[in-house]
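Trainee: fold the following for me, if possible:
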Amino acid sequence: MEIEKKNILIITIISVLFIISFFLNLIPIRMSNFWDETVYLQHAEVFFSGRTNYDELSFRPPLISILFALSFFIKHSVISASVVTALLGALGVIFIFFVGRKLYNEKVGIFAALILAFSPFIIQNSNLLMTDVPVATLLTISFYFVLFKDKKLMMFLSGLFLGLSILMKFDAILMIVVFAIYFYLHRKELKKDKLILFILGFFIIMLPYFIWSQIKFGNFLEPFIKGKGFFSVAKNEPTLFYFFNFHKVFTFLIPFGLILWFIDAVIKLNKEKYLNIRADIILLSWIIIFILFLTILHVKQLRYITPIITPIILLASKGIVAFLDEIKKPYKI
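Mentor: Residues are numbered from 1 along each chain as shown. Sure, this is the predicted structure:
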């Protein structure tokens with residue numbers, strides 16, 4: 001009975017956070033948009049209305065525009081597109097909770113969901129008709145499913161959502177390296193048939209796009225190559241841009257939580273009581289791989305950092321929860 005009440009409470013909390021997050025992301029609905037947003041809307045018109053006057057499909061991923069086009073069947077309006085990005089941002093709150101609970105415990109999951117739901121940076125970027133927050137959500141969903149490495153359907157869905165992530169934003173292809181590390185660390189438990197299903201799910205999504213790109217551009221990798229054309233342009237920010245601007249992305253809770261996580265990890269390593277070490281290694285790998293890539297890029301913008309929002313928040317939440325667990329009950333509030 002107590003377990004049932006606890007589950008109802010958790011479902012209620014996450015549901016409320018999802019609804020709050022959705023409306024925070026949605027409002028205000030903007031009827032005028034930046035250039036990149038306008039291009040994605042134009043691509044939606046290409047898919048929905050068959051427009052041929054302009055497109056940048058040769059170097060921009062198609063998924064966000066496909067979702068906008070599908071939403072136009074409900075209401076052919078910019079409002080529909082705003083609902084799509086707000087919804088994808090809010091879904092991240094649910095799945096970061098799922099990942100936190102699966103990797104660590106429910107407290108870490110809830111704390112991570114709270115931080116993500118009320119993050120000003122995420123709210124601001126979820127309000128844009130852009131790919132940055134949606135790709136973070138899709139990567140989180142893909143990562144959640146891969147945690148069920150012993151279940152065929154989950155592995156298939158993980159590969160499928162990885163493919164969707166890449167079609168949302170090409171940078172997400174780096175997640176393949178993160179998954180490779182995950183599979184290596186769990187190689188003794190991972191069966192080949194599950195891995196094959198993961199690969200199958202991935203190619204079911206990617207193969208049609210590769211075929212289309214080959215027919216359209218004469219090279220199925222053309223969009224990926226041109227999409228990174230800004231490697232060759234002049235630098236617009238210093239190399240350590242993301243380090244110096246970390247405080248603009250994350251509230252004080254994140255660096256505070258990361259420090260607590262590091263202290264807790266060192267203490268437990270010394271006592272040889274470190275649990276979930278593989279989970280922490282995977283999250284750290286996720287952060288490091290994307291940060292190194294973003295640092296190499298000549299063009300740097302804060303919104304590019306969104307793919308590592310999930311692992312950073314989870315590690316910080318783990319640190320905060322570990323700290324709170326050590327505080328005596330009368331002082332926890």
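
Trainee: every contact and neighbour count from this point should use C-alpha atoms.
Mentor: Fine.

Trainee: surely residue 213 and residue 223 touch.
Mentor: Yes - the pair residue 213 and residue 223 qualifies as a contact (Cα atoms under 8 Å) at a distance of 7.5 Å.

Trainee: residue ranges for the strands of the stretch 201-333 of the chain, please.
Mentor: Under the criterion DSSP state E, counting those that start in this stretch, the stretch 201-333 of the chain carries no strands.

Trainee: as a whole number, average confidence for stretch 288-299?
Mentor: For stretch 288-299, the mean pLDDT works out to 90.

Trainee: got the CA positions of that stretch in PDB?
Mentor: Below are the C-alpha coordinates for stretch 288-299, written out as PDB (Å, rounded to 0.1, in the frame of the first residue of the first chain):
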ATOM      1  CA  ILE A 288      33.800  15.000 -22.500                       C
ATOM      2  CA  ILE A 289      33.200  13.700 -26.100                       C
ATOM      3  CA  PHE A 290      30.700  16.500 -26.900                       C
ATOM      4  CA  ILE A 291      32.700  19.200 -25.200                       C
ATOM      5  CA  LEU A 292      35.900  18.300 -27.100                       C
ATOM      6  CA  PHE A 293      34.000  18.400 -30.300                       C
ATOM      7  CA  LEU A 294      32.300  21.800 -29.500                       C
ATOM      8  CA  THR A 295      35.700  23.200 -28.500                       C
ATOM      9  CA  ILE A 296      37.200  22.200 -31.800                       C
ATOM     10  CA  LEU A 297      34.400  23.900 -33.800                       C
ATOM     11  CA  HIS A 298      35.300  27.400 -34.900                       C
ATOM     12  CA  VAL A 299      31.800  28.700 -34.500                       C
END
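
Trainee: how about residue 54, secondary structure?
Mentor: Three-state assignment for residue 54 (DSSP: H, G, I helix; E, B strand; the rest coil): coil.

Trainee: backbone dihedrals for the nearest residue to it once chain neighbours are set aside, please?
Mentor: Distances taken as Cα to Cα, 6 or more residues apart in numbering place residue 42 nearest to residue 54, at 7.6 Å, with adjacent residues excluded. As for residue 42, its main-chain torsions (degrees, to the nearest 10) stand at phi -60, psi -40.

Trainee: residue 150 now?
Mentor: Torsion angles at residue 150 (phi, psi; degrees, to the nearest 10) stand at phi -90, psi 0.

Trainee: quick one: contacts for it?
Mentor: Contact analysis of residue 150 by Cα atoms under 8 Å, 6 or more residues apart in numbering lists 189, 190, 191, 194.

Trainee: recalculate using a threshold of 7 Å.
Mentor: residue 190 (Cα atoms under 7 Å, 6 or more residues apart in numbering).

Trainee: try the one 10 residues further on
Mentor: With contacts defined as Cα under 7 Å, 6+ apart, residue 160 is in contact with 201, 202, 205.

Trainee: where does the chain have low pLDDT?
Mentor: Low-confidence segments of the chain, defined by pLDDT under 70: 1-3, 228-236, 272-273, 328-333.

Trainee: touching, residue 83 and residue 27? I think so.
Mentor: No - counting by Cα atoms under 7 Å, residue 83 sits too far from residue 27 to count as a contact (9.6 Å).

Trainee: higher neighbour count, these two?
Mentor: Applying other Cα atoms under 10 Å to residue 83 and residue 27 shows that residue 83 carries more neighbours, namely 22 against 15.

Trainee: that one and residue 179, how far apart?
Mentor: To residue 179, residue 83 is 30 Å away according to Cα to Cα, to the nearest Å.

Trainee: ok, residue 10 next?
Mentor: Remark: distance between residue 10 and residue 179 (Cα to Cα) = 29 Å.

Trainee: higher neighbour count, the two?
Mentor: Of the pair residue 10 and residue 179, residue 179 is the one with more neighbours under other Cα under 10 Å, namely 19 against 15.

Trainee: how many neighbours does residue 96 have?
Mentor: By the criterion of other Cα under 10 Å, residue 96 has 29 neighbours.

Trainee: quick one, phi/psi of the nearest residue to it once chain neighbours are set aside?
Mentor: Distances taken as Cα to Cα, 6+ apart place residue 113 nearest to residue 96, at 6.0 Å, with adjacent residues excluded. With angles defined as degrees, to the nearest 10, residue 113 sits at phi -60, psi -40.

Trainee: what's the burial count for residue 155?
Mentor: 29.

Trainee: and the helices in the stretch 101-250 of the chain?
Mentor: Along the stretch 101-250 of the chain, the stretches classed as helices by DSSP state H, counting those that start in this stretch are 106-117, 120-126, 132-146, 152-168, 175-185, 192-217, 222-227, 241-244, 246-249.

Trainee: enumerate every residue touching residue 46.
Mentor: Neighbour list for residue 46: residue 52 [criterion: Cα under 7 Å, 6+ apart].

Trainee: which element is it on?
Mentor: Assigned by DSSP states H and E, residue 46 falls within helix 35-49.

Trainee: tell me which residues of that helix are tucked away?
Mentor: In terms of neighbour count (16 or more other Cα atoms under 10 Å), helix 35-49 has its buried residues at 37, 39, 40, 41, 42, 43, 44, 45, 46, 47, 48.

Trainee: done for today, thanks.
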